[in-house]
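*Asks:* Need the 3D shape of this:
(chains A and B)
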Protein chains: 2
Amino acid sequence: MFSQIKADVLKEIVPNGSERKEVTSITNKIVEHLTEKISREKINARVEVVGSIAKDTWISKDRDLDIFIVFDKSTPLEELKKKGLVLGKIELEGFTSETAYANHPYTINRFKEFKIDVVPCYDSIEIITAVDRTPHHTRFVKENIGDLRNDVRLLKQFMKGVGVYSSEQKIQGFAGYLCELLIIHYKSFENVLNSAANWEYGEFIDIKKKGSKGDFKDPLIVIDPVDSKRNVASALSLDRLSEFIHYSRLFLESPSVEYFKKKKRPFVKRFPESEVYVIIFQGELLDDIIYPQLRKSAKYMSTILEKNDFKPLSYGLFKKEGYSGIVFEVENYSLSPVVKHFGPKVFDRTNYDSFVSKYKENFIEGDRVYTLRPRQFSSPLVVFLNVLNEKEGIGKNMKSMSFKILKDDRAMSFLRSEELDIYI
Amino acid sequence: MFSQIKADVLKEIVPNGSERKEVTSITNKIVEHLTEKISREKINARVEVVGSIAKDTWISKDRDLDIFIVFDKSTPLEELKKKGLVLGKIELEGFTSETAYANHPYTINRFKEFKIDVVPCYDSIEIITAVDRTPHHTRFVKENIGDLRNDVRLLKQFMKGVGVYSSEQKIQGFAGYLCELLIIHYKSFENVLNSAANWEYGEFIDIKKKGSKGDFKDPLIVIDPVDSKRNVASALSLDRLSEFIHYSRLFLESPSVEYFKKKKRPFVKRFPESEVYVIIFQGELLDDIIYPQLRKSAKYMSTILEKNDFKPLSYGLFKKEGYSGIVFEVENYSLSPVVKHFGPKVFDRTNYDSFVSKYKENFIEGDRVYTLRPRQFSSPLVVFLNVLNEKEGIGKNMKSMSFKILKDDRAMSFLRSEELDIYI
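*Replies:* Residues are numbered from 1 along each chain as shown, chains lettered A, B, ... in the order given. Coordinates of the predicted model:
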């Protein structure tokens, strides 16, 4: 049954001969074109194909090509950035291109369904820019993956299916390179799942045995074989790691192809009696900029809700062209208009004095003084409005965005009509 | 102003000449009668007047006489008990008597407004029965109180006024002897209040400097001058101690005779929106037996309410002939029918497995698994009924008592019609 499932999934995800031919042909054409440009411009650099296509671990229909222009170490950073952008534009029939900024500027080219990133970096094992390691990663995987490429594909597809694949900020899951290292270390897809099911907090994986566990505090530590000071899993969130462990166990207990099917993540209202709020922010920012801010804001709002006796069930993040936002599901409480507000111990004279002089009517319970005061926030809506107006605890760029809040029926019909993908 | 208040209060509480004459005359008559009985029965014992009348620290209109029959140490306990009861009955015109049991049997005699306890004890500084210290206490106070008797009266009346006087179980406050020691130590009523306002947790008072603070963990430690191994304040509850500190501060800040006026403690519903529940138990027990059980039960119920997301504001205890009970004021919440129920961490494999197999639908938050389940108890009433039916956490004698629960309007009209005194 297990091997039948694997076979069924592999049929879908391993690129076939004609797909390979198409990808190889495009790749070669681009490398040739860029090499020629380098030579024409007399630049001290070379072209390297990196990423899952170079490693032959890509999943059928993925059309993301990563091409690096590897500059000599002696090139000044400003020159690398400038020339990187000049070179990055693929000037061939049918290609379009735009400039993008991550850690440093690079070029995104598009051709048919292909998306081709051309990224400048240094030819150095000592890291100068954040992407200098990438060619080394590609080389390490190519040299060590042996015949385990389809196991990598299975693992990536499983992770996509359960929603933990990709190191993008909106997911904070497992990067492709991390998947490849797990397969190289554990030797098969099954072994990775079996091991993950038994991972402990702070699990330590060190293929080349050159790292030191004590250097890291992350819940999963996978030492980078090309830089033993770096944890490849450092950007993986505890939630995604825990979900991966959780779904590994469920899958092993009762395997099914369903786990490999990537589903759209719509918002699911889990209880008929709960309240749903959608906070929509107008304006657009890059995914990797806005998602961390949305997540930070949602966490903060969740804390403030709890402090005020509301019980958030969950929150989700979304983004579309022109707007982004947060959705909350909250237990439907009707709160008392009064709260018992405990002050300091009577033995803590200074604080006692200021409490007693602040509140008119005081009572004693145990050795603490308390008062009864009206509740500050009568509903989650009032909490959200207060947080958004105070502009504390919310993402930097969000502070200046205009917003609106929808509740229950209006929130649900907005979510239905927009068909948003929700990230947690 | 302070001395005017004291003068006004003392006018009310210091017994006048004719009152003293009447009390002395009755006391002498009883002592004479009992001495004669002892002599007639050829018993190796003597009569001693103890308590506030003997010490001349009683408050006008108090009519509680404490007479001890002090037996020789050689008397067997059984004989002391038997002869104590025989002697205890005051056989004089107009007296009635009944047998009572505290630590050991004694006799309560009544004559007009007088209540005369006749208690047998041993003539020993080594304690054989729990009351053997009492004559020593009386003697110590008489020898050391000097001209501070009215300061004792002021302190006792202040404590009565704010509800912290008496070591009875229903109050768990300051005993008369404790008041006298505080006055002897601090030298005046004002000094006691001023000092109490600044007491720290574990305040240590040792008049004869023979005790050791390390022997005790109580919030107030007052070493018994006649037994340095004993803390006179050991039965004082943290609540009553804290209230005394609290009211001392309030009084010193703004003195008023109102603090000396003992008020009936009716139930006060503090917020119009709160819910009130009265649980009534049928059957009668001695105050000192039933109050600790009511308090224990109320505390337990309060904890269970909180565990189930209800917010008790306060509880009170009451007792009348034939029944006793607990009153609760609870914040009026309308609770969500669903709760987020957190399970173990995914890394805690054993507990994770049993959680996941127990609940159908599970989710991950951080590194913990959780489910959403229906709330067990929909209202405080259901919590009370559950506790009372499970018979866990409630007083031993209360388990077999029949009960009924009244809510809101019915509870309030019951409390109004019965005019109960409420103890916390």
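
*Asks:* When you work out contacts or count neighbours from here on, use the C-alpha atoms and nothing else.
*Replies:* OK.

*Asks:* In three-state terms, label the closest residue to A:Ser97 other than its chain neighbours for me.
*Replies:* Nearest residue to A:Ser97, sequence neighbours excluded (CA to CA, 6 or more residues apart in numbering or on different chains): A:Asn109, at 4.1 Å. Secondary structure state of A:Asn109, per DSSP: H, G, I helix; E, B strand; the rest coil, is strand.

*Asks:* what's the single longest helix in chain A?
*Replies:* Longest helix in chain A by number of residues (criterion: DSSP state H): helix A:17-41.

*Asks:* what's in contact with it?
*Replies:* With contacts defined as CA atoms under 8 Å, 6 or more residues apart in numbering or on different chains, helix A:17-41 is touched by A:44-49, A:60, A:65, A:67, A:87-88, A:90.

*Asks:* that older thread, quick one: the residue nearest to A:Ser97 from A:Ser166, how far?
*Replies:* Using CA to CA, to the nearest Å, one gets 21 Å for the distance from A:Asn109 to A:Ser166.

*Asks:* Tell me which of the contacts of helix A:17-41 fall in helices.
*Replies:* A:87-88.

*Asks:* Using TSV, lay out the contacts of helix A:17-41 together with neighbour count and distance to B:His33.
*Replies:* Formatted as TSV, the contacts of helix A:17-41 follow (neighbours: other CA atoms under 10 Å in any protein chain shown; distance: CA to CA, whole Å):
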residue	neighbour count	distance to B:His33
A:Asn44	14	124
A:Ala45	22	122
A:Arg46	17	122
A:Val47	20	120
A:Glu48	18	118
A:Val49	20	117
A:Ser60	16	112
A:Leu65	24	114
A:Ile67	24	116
A:Leu87	22	122
A:Gly88	27	119
A:Ile90	23	123
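
*Asks:* Need the max-distance pair from the contacts of helix A:17-41.
*Replies:* Spanning the widest gap among the contacts of helix A:17-41 are A:Asn44 and A:Ser60, at 34.9 Å by CA to CA.

*Asks:* that older thread, is the residue nearest to A:Ser97 in contact with A:Lys89, as I believe?
*Replies:* Yes: counting by CA atoms under 8 Å, A:Asn109 touches A:Lys89, with 6.9 Å between them.

*Asks:* shared neighbours of those two, anything?
*Replies:* Common neighbours of A:Asn109 and A:Lys89 are listed as A:97-98, A:118 (criterion: CA under 8 Å, 6+ apart).

*Asks:* Any chance of a PyMOL selection covering the buried ones in those residues?
*Replies:* Of those, the buried ones go into a single PyMOL selection, burial set by 16 or more other CA atoms under 10 Å in any protein chain shown:
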select buried, chain A and resi 97+118
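
*Asks:* Looking at the shared contacts of A:Asn109 and A:Lys89, which is nearest chain B?
*Replies:* Chain B lies nearest to A:Val118 out of the shared contacts of A:Asn109 and A:Lys89, by CA to the nearest CA, at 36.1 Å.

*Asks:* Just the pLDDT for that closest one.
*Replies:* On pLDDT, A:Val118 comes in at 96.

*Asks:* what about it, is that helix, strand or coil?
*Replies:* strand.

*Asks:* contacting residues for it?
*Replies:* A:66-69, A:88-89, A:106-109.

*Asks:* next one: A:Arg230
*Replies:* When contacts are counted by CA under 8 Å, 6+ apart, A:Arg230 touches A:223-224.

*Asks:* any idea how far it lies from B:Asn351?
*Replies:* Applying CA to CA, the value for A:Arg230 to B:Asn351 is 33 Å.

*Asks:* Could you do A:Lys263 as well?
*Replies:* Taking CA to CA, one finds A:Lys263 at 30 Å from B:Asn351.

*Asks:* strand partners of the worst-scoring helix or strand of chain A on mean pLDDT, parallel vs antiparallel please.
*Replies:* Within chain A, no helix or strand scores below strand A:96-101, which has a mean of 91 by mean pLDDT, DSSP states H and E. When sheet partners are counted by DSSP bridges, strand A:96-101 sits next to strand A:105-111 (antiparallel).
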